[in-house]
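Visitor: For reference, the sequence and a predicted model appear below.
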Amino acid sequence: MNIAQLLLRTATVYPDRPAILHGERVLCDYRTFARRASSIAAGLRAKGYAPGDRAAVFMGNCPEYLEVLYGIWWAGLVAVPVNAKLHPRELAYVLENAEACCLFVSADLAPATLPVVATTPTVNQVFMPGAGEYEQLLESAPMPPEHRAADDLAWLFYTSGTTGHPKGVMETHRNLLGMTSCYFSDVDPVDPDDAIVYAAPMSHGAGLYNFPHVLKAARHVVPASGGFDPAELCGLAERLGRLSLFAAPTMVKRLVEHIAASGADPRGFKTIVYGGGPMYVEDIRKGLDLMGKRFVQIYGQGECPMTITALSREQLGDRDHPRWAERIASVGVAQTLVEVKVAAEDGKALPAGATGEILVRGDVVMAGYWRNPEATAKTLRDGWLWTGDMGSLDADGFLTLKDRSKDVIISGGSNIYPREVEEVLLKHPAVREASVVGRADPEWGEIVVAFVVADDLTSAELDALCLDHIARFKRPKEYHFVDSLPKNNYGKVLKTELRQRLN
Ligand code: AMP
């Protein structure tokens, strides 16, 4: 089934419900949203683009984002949403690799993008919301959604590619429908009065959460700023009510700090789903203290979008549970459409408590990497997705993530998980952020180095704190006090960049 059917269904049953908002302003209802998507589809088909062709989207968060995505799917094409912060050269790589036939670009990004497109032979046409060609698409007579098989490709998602070129993760209609169903069973039920705000990039996880909200005829809010601004979000929550969002842990931390400092009322927030990177225990404790049971954690990756495990609102809020402290440090339990195991290098399941690589199997696991059989064969083995993340399962099925296998530090033959050291450093009230990496060392193989954002602190104080909490060999040998940590567009700390600074 074509994922665009979700929009058609909602527009048929609830045509008058508000669909797209820019800030607090309602721009269109579901009838208009579906009509515009359908016309975009018909326009694309009239221009000769065929089902299966790839249409790239290079736009920051904007009110047209969803109609463009649905227009592409409605026509049976494959959407290739590209991170709007990429350099034009990186965009060129994605366009060529995907063999994109056309590109949707926002006006602000067009000047830097058009010269790239001119040298990318596969791209026949550029559509810019608000400009001639795009507006012409919207004049096309609507068409019914093209039939798609469940295993046809819907979303080609390019990984962030911190090492080497990004790879195109093939997400099918089945994957996206499975992810939508897991949202309802494992993350949060959705009500038509709900609103989802896109504070993180729509080209990534935040955009994926449109599906459960389209299916339930909820409101889609694109902030006027186009991104993450804690004061703006609090204003939207207060005035629109029942506001949910997906946020990286660094965004949650800033939102909580803002609410603590400003005294803003958190009751307009319904659910804050966080994931995509480690949430430190100190930070989620503060969030729960201040905002109550409003949080859900998910763990996923492009290769299994948003759907490996979830830690529910109830589990996060169940302070009386004897293992609550361990549970809030975990990423929760397997979502309903996947099996999760922690395995040794030979793929055999390890017993509870043992650390190994996290493997996932199920209907939401990607079909493979686009035109990259070697990478696919390395990652999908014996029917399992090898995530590259290390972790352990407890006897109750809760998964605790350690680190990505490439981030593990091996010092004097012992494995050190940076996350464990970071959790300790963050216990110090003056530490705002911390990231721990390994540096090559002739004697130890690697040594532990900490980058710390803090007010007025010495290495000796942090060393004493570590001695109080973790084994001596895990203590950082060096501290670098910095003003901020390098992060990508999704708020993830760029450990590769930190390691490069040490060379
Ligand atoms: P991406 O494919 O860019 O979404 O990155 C996925 C990676 O982010 C995963 O493989 C994990 O290493 C990390 N990640 C995702 N969710 C979490 C989480 N809840 N806690 C810690 N790390 C996470």
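Guide: It's in. Since the model is a prediction, treat every value here as computed from it, not as a measurement.
Visitor: Using the three-state scheme, assign residue 250.
Guide: helix (DSSP: H, G, I helix; E, B strand; the rest coil).
Visitor: Can you report how many residues neighbour it?
Guide: By other Cβ atoms under 10 Å, 22 other residues sit near residue 250. Backbone N, C-alpha and C define where each C-beta goes, glycine included.
Visitor: just residue 97 next, same as before
Guide: Residue 97 has 20 neighbours, counted by other Cβ under 10 Å.
Visitor: Over to residue 273?
Guide: If we define neighbours as other Cβ under 10 Å, then residue 273 has 25 of them.
Visitor: from what I can see it touches residue 244, true?
Guide: Yes: Residue 273 is within contact range of residue 244, at 7.1 Å (criterion: Cβ atoms under 8 Å).
Visitor: Now do the shared contacts for the two.
Guide: Residues touching both residue 273 and residue 244 by Cβ atoms under 8 Å, 6 or more residues apart in numbering: residue 188.
Visitor: Contact partners for the closest residue to residue 60 other than its chain neighbours?
Guide: Among residues not flanking residue 60 along the chain, residue 84 sits closest, at 4.3 Å (Cβ to Cβ, 6 or more residues apart in numbering). Applying Cβ under 8 Å, 6+ apart to residue 84 gives the contacts 58-60, 106, 109, 201, 203, 489.
Visitor: Please list the residues of the stretch 101-250 of the chain that sit near the ligand.
Guide: 159-160 (Cβ under 6 Å from any ligand atom).
Visitor: As a check, name the ranges of all strands in the stretch 101-250 of the chain.
Guide: Taking DSSP state E, counting those that start in this stretch as the criterion, the stretch 101-250 of the chain carries its strands at 102-105, 125-127, 153-158, 168-172, 195-197, 219-222, 243-247.
Visitor: Dump those strands to a markdown table, plus mean neighbour count and distance to residue 398.
Guide: Below are the strands of the stretch 101-250 of the chain laid out as a markdown table (neighbours: other Cβ atoms under 10 Å; distance: least, Cβ to Cβ, whole Å):
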| stretch | mean neighbour count | distance to residue 398 |
| --- | --- | --- |
| strand 102-105 | 26 | 41 |
| strand 125-127 | 19 | 46 |
| strand 153-158 | 24 | 28 |
| strand 168-172 | 25 | 27 |
| strand 195-197 | 24 | 27 |
| strand 219-222 | 24 | 33 |
| strand 243-247 | 25 | 22 |
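Visitor: then the helix of greatest length in the chain to CSV, C-alphas only?
Guide: In the chain, with assignment by DSSP state H, the single longest helix is helix 30-46. Output of helix 30-46 as CSV, limited to C-alpha atoms (Å, rounded to 0.1, in the frame of the first residue of the first chain):
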residue,chain,number,x,y,z
TYR,A,30,-6.9,18.3,5.2
ARG,A,31,-9.0,18.7,2.0
THR,A,32,-6.6,21.3,0.7
PHE,A,33,-3.5,19.5,1.9
ALA,A,34,-4.5,16.4,0.0
ARG,A,35,-5.7,18.3,-3.0
ARG,A,36,-2.3,20.1,-3.3
ALA,A,37,-0.4,16.9,-2.8
SER,A,38,-2.5,15.2,-5.5
SER,A,39,-1.9,18.0,-7.9
ILE,A,40,1.8,18.0,-7.3
ALA,A,41,1.7,14.3,-8.1
ALA,A,42,-0.3,14.7,-11.3
GLY,A,43,2.0,17.5,-12.4
LEU,A,44,5.1,15.4,-11.8
ARG,A,45,3.5,12.5,-13.8
ALA,A,46,2.5,14.9,-16.6
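Visitor: mean confidence score for that helix?
Guide: Averaging pLDDT along helix 30-46 gives 98.
Visitor: Which elements pack onto the helix or strand following it?
Guide: Next helix or strand after helix 30-46 toward the C-terminus (DSSP states H and E): strand 54-58. Using 3 or more Cβ pairs under 8 Å, 6 or more residues apart in numbering; DSSP states H and E, the elements in contact with strand 54-58 are helix 65-74, strand 78-81, helix 88-98, strand 102-105.
Visitor: Could you check the angle the first one makes with helix 30-46?
Guide: Yep, that's helix 65-74 we're talking about. 50 degrees (axes from the mean of the first three to the mean of the last three Cα atoms, to 10 degrees).
Visitor: Without its sequence neighbours, what residue ends up closest to residue 215?
Guide: residue 6 (4.9 Å).
Visitor: picking up where we left off before, what comes up buried for the longest helix of the chain?
Guide: 30-45 (16 or more other Cβ atoms under 10 Å).
Visitor: Nearest to the ligand, out of those: which one, please.
Guide: residue 37 (25.9 Å; Cβ to the nearest ligand atom).
Visitor: Distance check, the closest one against residue 12.
Guide: The gap separating residue 37 from residue 12 is 13 Å, by Cβ to Cβ, to the nearest Å.
Visitor: what do you get for residue 172?
Guide: Separation of residue 172 from residue 12 (Cβ to Cβ): 25 Å.
Visitor: Could you give the residue of the stretch 51-200 of the chain that lies closest to the ligand?
Guide: Counting by Cβ to the nearest ligand atom, the stretch 51-200 of the chain gets nearest the ligand through residue 160, at 5.1 Å.
Visitor: didn't that residue look like it was pressed against residue 491?
Guide: No: look at residue 160 against residue 491 with Cβ under 8 Å: they stay out of range, at 11.6 Å.
Visitor: These two: who's more crowded?
Guide: With neighbours defined as other Cβ under 10 Å, residue 160 and residue 491 compare such that residue 491 has more, 19 against 15.
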